[in-house]
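Visitor: Provided below for reference: sequence and predicted model.
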Amino acid sequence: MNPVTLSPRQQAAARVRAEGGVPIEEAALLFKLSGGRTASPGSLKRWIASGKSGVKLDGLKSAGKLYTSFAAVQRFRKATGL
């Protein structure tokens, strides 16, 4: 039997599911930017789709909503310096 190979996107979605997904609107509040602002949900959507500095934020789409996890946010912040 051949092992199933998951795409990078499928691997990211599996990690988010295993870590307990949170809506990107909630996760955006974890990003403190200059001037005391927080990241917008649109920024997280872009980081999931296209990445920042060559690093993508793990995410998954379920029932039309985007989710990430607190652990994914921590990994992304460490890798990008945000």
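Guide: That came through fine.

Visitor: for the record, mean pLDDT for stretch 58-72?
Guide: For stretch 58-72, mean pLDDT rounds to 93.

Visitor: Only the buried residues of it, if you could.
Guide: Buried residues in stretch 58-72, counted by 16 or more other C-beta atoms under 10 Å: 58, 59, 60, 66, 67, 68, 69, 72. To be clear about C-beta, it is placed using only N, CA and C from the backbone, and glycine gets the same treatment.

Visitor: quick one, phi psi at the fourth one?
Guide: Here is the backbone geometry of residue 66 (degrees, to the nearest 10): phi -100, psi 140.

Visitor: one step back: turn the buried residues of stretch 58-72 into a markdown table, including distance to residue 35 and secondary structure.
Guide: Putting the buried residues of stretch 58-72 into a markdown table (distance: C-beta to C-beta, whole Å; DSSP: H, G, I helix; E, B strand; the rest coil) gives the following:
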| residue | distance to residue 35 | secondary structure |
| --- | --- | --- |
| 58 | 27 | coil |
| 59 | 26 | coil |
| 60 | 31 | strand |
| 66 | 25 | strand |
| 67 | 27 | strand |
| 68 | 23 | strand |
| 69 | 27 | coil |
| 72 | 25 | helix |
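
Visitor: how many other residues sit next to the nearest residue to residue 60 once chain neighbours are set aside?
Guide: Using C-beta to C-beta, 6 or more residues apart in numbering and skipping residues adjacent in sequence, the residue nearest residue 60 is residue 13, 3.7 Å away. The tally of other residues near residue 13 (other C-beta atoms under 10 Å) stands at 19.

Visitor: I'd guess residue 13 is in a helix, am I close?
Guide: Yes. Checked against DSSP: H, G, I helix; E, B strand; the rest coil, residue 13 lies within a helix.

Visitor: who are the neighbours in contact with it?
Guide: If a contact means C-beta atoms under 8 Å, 6 or more residues apart in numbering, then residue 13 has 58, 59, 60 as its contacts.

Visitor: Good, we can wrap up now.
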